[in-house]
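Visitor: what follows is a protein structure lacking sequence information:
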């Protein structure tokens with residue numbers, strides 16, 4: 001391995017008097033992590049290594065750079081992903097195969113989240129390997145888990161406000177994929193997919209992209225409207241929060257604001273969700289601002 005990977009972590013460079021037993025345990029943990037990463041390139045050891053590393057990923061801050069810079073590791077993770085493609089159509093994904101590939105996806109989410117590896121991850125176009133998973137429609141638990149975990153990788157990318165991430169996603173088919181999941185997925189998948197669309201909208205480039213063409217705007221607003229109809233029958237405060245934020249952001253674009261005056265669902269204009277929002281000050285504030293935006297003429301320019 002390169003010297004970069006063997007570099008001691010900050011915690012292991014403490015003065016000897018600060019280290020003691022804790023320092024030795026950290027060194028042991030680090031050695032175990034390196035051994036598990038090495039096992040990823042061994043087909044016979046890979047499944048158990050995937051499971052162990054996915055369990056430990058949040059406890060080991062340097063895991064993402066180690067995964068990225070270790071020889072053959074990312075290729076091994078992509079091999080796990082590609083090996084599932086034949087099971088997508090016709091749908092024949094088992095729970096065991098879904099769990100295994102989701103452990104690989106959890107490690108890729110770790111890489112997508114880390115500031116040192118996020119751009120490298122994007123430049124390699126690795127998110128595109130996940131799109132076939134997002135494009136599935138089977139409602140069985142293995143497929144739902146696969147879609148949710150894949151959305152988690154994209155969600156990790158957009159969590160940090162980064163124009164480079166939004167620019168990359170806009171060059172792909174992520175919006176139509178998310179819109180379909182927002183209509184047909186489980187509540188949790190709908191929530192993550194809506195969060196991704198929300199983060200795209202919150203970027204100026206993303207808002208301009210969606211509002212530049214009427215078909216794009218109506219594709220998004222129609223799905224949001226359908227979701228609002230579903231929420232009147234199956235309430236979800238978490239999902240409602242993301243939908244309101246999407247509508248509020250759309251209302252900040254002049255063309256979209258005009259359209260929303262006609263197509264904003266009545267359930268957001270009346271007291272349908274008053275009880276659901278009773279203890280949610282931020283969403284109540286967003287909804288009030290949304291209603292103000294679509295009922296008030298903007299000041300004249302110049």
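Guide: Now that the structure is in, tell me what you want to look at. Note that the coordinates shown come from a computational prediction; the quantities given were computed from them, not determined experimentally.
Visitor: residue 210: neighbour count?
Guide: Neighbourhood size, residue 210 [other Cβ atoms under 10 Å]: 23. Heads up, the C-betas are built off the backbone N, CA and C, glycines and all.
Visitor: and for residue 288?
Guide: Neighbours of residue 288 using other Cβ under 10 Å come to 11.
Visitor: try residue 70
Guide: Neighbours around residue 70, by other Cβ under 10 Å: 18.
Visitor: repeat for the one 4 residues further on
Guide: Using other Cβ under 10 Å, residue 74 has 21 other residues around it.
Visitor: let me know the secondary structure of it.
Guide: Under DSSP: H, G, I helix; E, B strand; the rest coil, residue 74 falls in the helix class.
Visitor: any idea how far it lies from residue 254?
Guide: Distance of residue 74 to residue 254, given as Cβ to Cβ, to the nearest Å: 44 Å.
Visitor: and for residue 41?
Guide: 54 Å.
Visitor: same question, residue 213
Guide: From residue 213 over to residue 254 (counting by Cβ to Cβ), the distance is 15 Å.
Visitor: separation between residue 90 and residue 147?
Guide: For residue 90, the distance to residue 147 - Cβ to Cβ - is 17 Å.
Visitor: my bad, should have said residue 203
Guide: Counting by Cβ to Cβ, the gap from residue 203 to residue 147 is 24 Å.
Visitor: okay, those two: which has more neighbours?
Guide: Legend: neighbour count by other Cβ under 10 Å for residue 203 and residue 147, higher for residue 147 (26 against 20).
Visitor: the more buried one: which element?
Guide: helix 141-159 (DSSP states H and E).
Visitor: what about stretch 275-288, distance to the chain center?
Guide: How far stretch 275-288 lies from its chain's middle: 24 Å, per Cα atoms, centre = their mean, to the nearest Å.
Visitor: go through that stretch and flag the buried ones.
Guide: 277, 280, 283, 286, 287 (16 or more other Cβ atoms under 10 Å).
Visitor: sort those by pLDDT and name the bottom one.
Guide: Model confidence across the buried residues of stretch 275-288 bottoms out at residue 277, which has 88.
Visitor: what about that one, helix or strand, and which?
Guide: Going by DSSP H and E, residue 277 is not in any helix or strand.
Visitor: residues touching it, list them.
Guide: 237, 240, 283, 284, 287 (Cβ atoms under 8 Å, 6 or more residues apart in numbering).
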